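[1] sequence? don't have it. structure:
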């Protein structure tokens, strides 16, 4: 009889593991398909169905349902957001009410705790750059769900008079089940991370090909366009010297537009091959202070306050002029987004052996759709703008082996996180 139960337990467990990995296969298939997108709600629904099926194929022992329903729940919250997780937990609650409404007094609080845990740590999870740390966070959430289940299972057993009789066996089963769930979430989160990494790699390759094509086209056209612009600029300056009043102002306006056209051409040329010149050891906190001094008049004019929190002795080995150009552009965008009466917070610290620069504004923020387009060609939230400056900033930072990441929430503001490799001097100072 015991062997029959063991076989049934193994069968149910294998079915649950299969049901956990089916949504991951769906995600990979949608990622591979060029014309299909995996929206958070779609993946929340797919993972929710997976959780429901896990409940339906539970192993019932001691009047309790033993399954892997919380693995898809953790994945939906951490990877696809609160709405996806809410859809998942709603489907789980509905399924549980349909199957066994009497046990909802105990299972509902347990489910909600298992949902709230990943929800509370999601912001921190999204800031992690290491795949191992992100997998570790998933596995930590698995431990959290096991603790929540353990508490409510013991309460349930005690309420039904089973705790005294089978306490040791029940706790042993819970611990073994916790290990199985721990390994399942570890394997599934590794799969998710590899899928995300592959998707990001495809996006970067496509983006690089697009930029290279545009860069070659821009390089071939730049000199042809610049020559007539130089002639026009020269004649305008000659005409301006002999004019007065309104006519002189009109010529000044025309010259300003010629200068803007030249800057746009330079930005196009920098798209494919940012000109990284001589690198040097520099104090990043000193550079940030310099940027604040340069942009403070602009911020004051727009009624924006700048706040800084800078750690000293953060050194990087980079092209000063190129890095200065990129950081000025990002900070300037934050000031422009903050509007009158807004604030811009600039924080410099060391994170995961890298220089970490946070630039946060209290502006209107961006929707998820706009956020996904930041750093792409011809996208700008400004009424007058090409988006080239942001693209060039991305290229400069990436050319220096750094990374730039945007986070935003409508009505709250936008935060830019820039990670740059530390020079050896900073690493020694941090260890000291």
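    Received the coordinates, thanks. These numbers come from a predicted model, not from an experiment.
[2] if I look at residue 147, how far off is residue 224?
    Distance check for residue 147 against residue 224: by C-beta to C-beta, to the nearest Å, it reads 68 Å. (C-beta placed from N, C-alpha, C; glycine too.)
[3] now swap in residue 172 and tell me
    Computed as C-beta to C-beta, the residue 172 to residue 224 distance reads 79 Å.
[4] how about the strands in this structure?
    Listed from the start of the chain, the chain has strands (DSSP state E) covering 59-61, 64-66, 280-283, 305-310, 315-318, 343-351, 354-361, 403-409, 413-421.
[5] okay, those in TSV with mean pLDDT next?
    Shown next, in TSV, are the strands of the chain (pLDDT from 0 to 100):
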stretch	mean pLDDT
strand 59-61	78
strand 64-66	77
strand 280-283	87
strand 305-310	90
strand 315-318	88
strand 343-351	91
strand 354-361	92
strand 403-409	87
strand 413-421	91
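[6] how many neighbours does the nearest residue to residue 405 once chain neighbours are set aside have?
    With C-beta to C-beta, 6 or more residues apart in numbering as the measure, residue 417 is the residue that lies nearest to residue 405, at 4.6 Å, once sequence neighbours are left out. A total of 18 residues lie near residue 417 under the criterion other C-beta atoms under 10 Å.
[7] Just give the number of residues close to the closest residue to residue 237 other than its chain neighbours.
    With sequence-adjacent residues excluded and distances taken as C-beta to C-beta, 6+ apart, residue 237 is closest to residue 255, at 6.9 Å. Other residues near residue 255 come to 15 when the count uses other C-beta under 10 Å.
[8] So residue 255 is in contact with residue 234, correct?
    No. Using C-beta atoms under 8 Å as the test, residue 255 is too far from residue 234 to be in contact (10.4 Å).
[9] can you give me how far stretch 50-63 is from the chain middle?
    A distance of 34 Å separates the centroid of the chain from that of stretch 50-63, by C-alpha atoms, centre = their mean, to the nearest Å.
[10] residues contacting residue 280?
    Each residue near residue 280 by C-beta atoms under 8 Å, 6 or more residues apart in numbering is listed here: 317-320.
[11] how close does it sit to residue 90?
    Using C-beta to C-beta, we find residue 280 at a distance of 56 Å from residue 90.
[12] Please apply the same query to residue 125.
    Spatial separation of residue 125 from residue 90 under the definition C-beta to C-beta is 22 Å.
[13] now the helices: where do they sit in this protein?
    Using DSSP state H, the helices of the chain run over 2-32, 40-56, 70-80, 82-99, 104-127, 131-159, 163-241, 245-272, 284-301, 320-338, 368-373, 388-399, 424-431.
[14] Residue 360 is nearest to which of these?
    helix 320-338 (7.4 Å; C-beta to C-beta).
[15] more neighbours, residue 172 and residue 224?
    More neighbours surround residue 172 than the other of residue 172 and residue 224, with 11 against 8 (other C-beta under 10 Å).
[16] Check the spacing between that one and residue 120 real quick.
    Distance, residue 172 to residue 120, using C-beta to C-beta: 30 Å.
[17] Where neighbours are concerned, which of the contacts of residue 280 has the most?
    Each of these was scored by neighbours using other C-beta under 10 Å; the highest score is residue 318's, at 27 neighbours.
[18] Who is that residue paired with across the strands?
    On the basis of DSSP bridges, residue 318 takes part in beta bridges with residue 280.
[19] Distance of it relative to residue 417?
    In this structure, residue 318 and residue 417 are separated by 17 Å, where distance is defined by C-beta to C-beta.
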